[in-house]
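S.K.: Just need the structure, nothing else, for what follows:
(chains A and B)
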Number of protein chains: 2
Amino acid sequence: MVGANDSGGDTSRPPVVSASGPTVADVGEQALINRLTAMSTRAAADLPADSDRLLIGPGDDAAVIAMASDLIVSTDSLVQDRHFRLQWSTPEAIGRRAAIQSAADIAAMGGRVSALVVSIACPPTTAVDWVLAVNRGLNEAAVAVGARVVGGDVVSADQIVLTVTVFGSTDGRAAVPVSGARVGDRLAVSGPLGSSAAGLALLMAGRAQSYPDLVAAHRVPIVDLAAGVVAAEHGAHAMTDVSDGLGAELETMARASGVSMDVVAASIPMAHGLVEAGADLGVDPSGWAIGGGEDHQLLAAFDGAPPAGWTVIGSVGARDERRPVRIDGSAPAVPGWRSF
Amino acid sequence: MVGANDSGGDTSRPPVVSASGPTVADVGEQALINRLTAMSTRAAADLPADSDRLLIGPGDDAAVIAMASDLIVSTDSLVQDRHFRLQWSTPEAIGRRAAIQSAADIAAMGGRVSALVVSIACPPTTAVDWVLAVNRGLNEAAVAVGARVVGGDVVSADQIVLTVTVFGSTDGRAAVPVSGARVGDRLAVSGPLGSSAAGLALLMAGRAQSYPDLVAAHRVPIVDLAAGVVAAEHGAHAMTDVSDGLGAELETMARASGVSMDVVAASIPMAHGLVEAGADLGVDPSGWAIGGGEDHQLLAAFDGAPPAGWTVIGSVGARDERRPVRIDGSAPAVPGWRSF
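M.R.: Coordinates of the predicted model:
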């Protein structure tokens, strides 16, 4: 399932940077982000103490800055032929997906989505109606979660890149970090998993018409982002959204929290039709549910029972650097989605 | 001077959207942004009144949202081969430029820059050291204006696209909109103009070594962004940063404010070396100062004398839809920078 969400890339364009050192693909996205984050933290060490205080910095779903009330911020890009294909998604769906995947990062902090800005990079040959339809989808999805689009930028590029930056408010609650899971917590997810990865596999296999709900969920994630606020009010210790696959998110939460995670595979809620689609395509559907990203359901650790509607999938154990995540006792066989 | 800042684009990639209707290039960036903005405003009309209030919405340099204290937000993208060329700028310079051009939008609202997030889209073949150097430049420039990098995203793409979203605080002052110029105001700029456009022209002519300061200013804008807070404290009625050329910014401010602008060409402060470089290349250097964008100096309207360090270049007159900007009595001959 590596690259489950990689819709294939046009690699005909020659390398733009001749590399004597390692390339981005050599080191991988996470290692690169770790190095970028460390650099930013070092650079900010010089700032005076009276700057706006950073409550949660790089490395979580979103940053939290202490203004007079706490502001939550996150940014995400969707790239043509990487995250979406024009022949597989309407522009409205692409816009909705861009808004929802960004808003999910605010929900994953326990925040309420307030506003977003969008930068649209596209070729000059792009139809205006296409851009307007993307924006329509973006606005519809934003308003559906109580947010508005407050600004943006449009620039010329060879390829369509949508970058959404989203802002949220904690409404006075403490934001829920990814690093707060404690030994003994129960792990729970806010909804069924695997539909986005299954939808992509069905599209690639030319079987989209057999499972329209799974394909629709690939085009636009189906997730109740209000579950994030509910989880925060319920006292969630740690939370993140499942954007890179459940296995990868469990590992991120385990390592950030200094704990380990035990999950029972049979308890993972599978999207409707997932088992049938797996049988049809001859693949194990649990790979979609555990390895597939971009469902944007929420994963949280609770001290006790989760809120109504959540499903308990496992529990938090003592730190285990070698095997931070165990599914039915074994390390997950499927790594999550990686951009590079 | 159309496309003065267009470093040329690789147009070998085929059109990605087959257009039956008009393309983005057909309608132009501003008309497209206007339509996107109107759509966002309509969509947000459905939001409940208790949402975070939008004090200044799309169409200004940045949006202002009433959290408990006012938050200012803006987003901008830099695209490889459109806004920068790898052979002409170091990655540090590209990162610094990305931070400064975004921070200038906060300064143009009279705000203090607080934080920024960056999304880096790049080919998998990109050298890690190149990405780290961009981030180093971004952090250096952010810290220099009192801001920190609080998050980001890295995604795979065919072409390098840097999208910086920047956050600022009004520190309790009212933000300075672009629409506040009043009849009788004096127009002033915070520093010399034309260096970025001249630097690009010198690079394209292979004369970079003759005017290193102008070329350096093309690579990284040289601007004191604290001038924005000073102007706000001084009571500026309207303000914007000169990102698209002085003539274009004057027109934006005039139309937004419902006024007209009279500018005396000889009073426009020209960057050091601009006249000599113009003579060398056989072009009128005032084209760079009036039509060239990306100097990111501030343009403001004051009721009386501007703060120390600012240069008065003209005055505000009654609305004139047909000729909203007059330079020595005539409409400017040079339109500003347009992305498409």
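S.K.: Can you tell me the element the closest residue to residue A:124 other than its chain neighbours falls in?
M.R.: Nearest non-adjacent residue to residue A:124, counting by CB to CB, 6 or more residues apart in numbering or on different chains: residue B:25, 3.6 Å away. Where C-beta positions appear, they are placed from N, C-alpha and C, glycine not excepted. Element membership for residue B:25 (DSSP states H and E) is helix B:24-27.
S.K.: roughly how far is that helix from the heart of the chain?
M.R.: The chain centroid and the centroid of helix B:24-27 are separated by 21 Å, computed with CA atoms, centre = their mean, to the nearest Å.
S.K.: got the CA coordinates for that helix in PDB?
M.R.: This file holds the C-alpha atoms of helix B:24-27, laid out as PDB (Å, rounded to 0.1, in the frame of the first residue of the first chain):
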ATOM      1  CA  VAL B  24      -7.300  32.000 -16.800                       C
ATOM      2  CA  ALA B  25      -5.000  33.900 -19.300                       C
ATOM      3  CA  ASP B  26      -8.100  35.100 -21.200                       C
ATOM      4  CA  VAL B  27      -9.700  36.900 -18.200                       C
END
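S.K.: Would you confirm that residue A:183 contacts residue A:259?
M.R.: Yes. Assessed by CB atoms under 8 Å, residue A:183 is found in contact with residue A:259 at 5.8 Å.
S.K.: Residue A:105 - that's part of a strand, no?
M.R.: No. According to DSSP: H, G, I helix; E, B strand; the rest coil, residue A:105 belongs to no strand; its state is helix.
S.K.: any idea how far the nearest residue to it once chain neighbours are set aside is from residue A:83?
M.R.: Residue nearest to residue A:105 in three dimensions, not counting chain neighbours: residue A:74, with 3.7 Å by CB to CB, 6+ apart. Distance from residue A:74 to residue A:83, counting by CB to CB, to the nearest Å: 16 Å.
S.K.: who has more neighbours, those two?
M.R.: residue A:74 (30 against 26; other CB atoms under 10 Å in any protein chain shown).
S.K.: so the residue most central in space within chain A, which of the three states?
M.R.: Nearest residue to the geometric centre of chain A (CA atoms, centre = their mean): residue A:243, 2.7 Å. Secondary structure assignment for residue A:243 (three-state DSSP): coil.
S.K.: which residues sit in contact with it?
M.R.: A:101, A:104-105, A:249, A:293-294, A:296, A:337 (CB atoms under 8 Å, 6 or more residues apart in numbering or on different chains).
S.K.: In these, find the pair that's most separated.
M.R.: For the contacts of residue A:243, the farthest-apart pair by CB to CB is A:105 and A:337; their separation is 15.2 Å.
S.K.: the more surrounded of the two?
M.R.: Between residue A:105 and residue A:337, counted using other CB under 10 Å, residue A:105 has the larger neighbour count: 30 against 22.
S.K.: I'd say the more buried one and residue A:76 touch.
M.R.: Yes. Taking CB under 8 Å as the definition, residue A:105 is a contact partner of residue A:76 at 7.0 Å.
S.K.: Now do the strands in the stretch 101-250 of chain A.
M.R.: A:112-122, A:148-156, A:161-169, A:186-189, A:238-241 (DSSP state E, counting those that start in this stretch).
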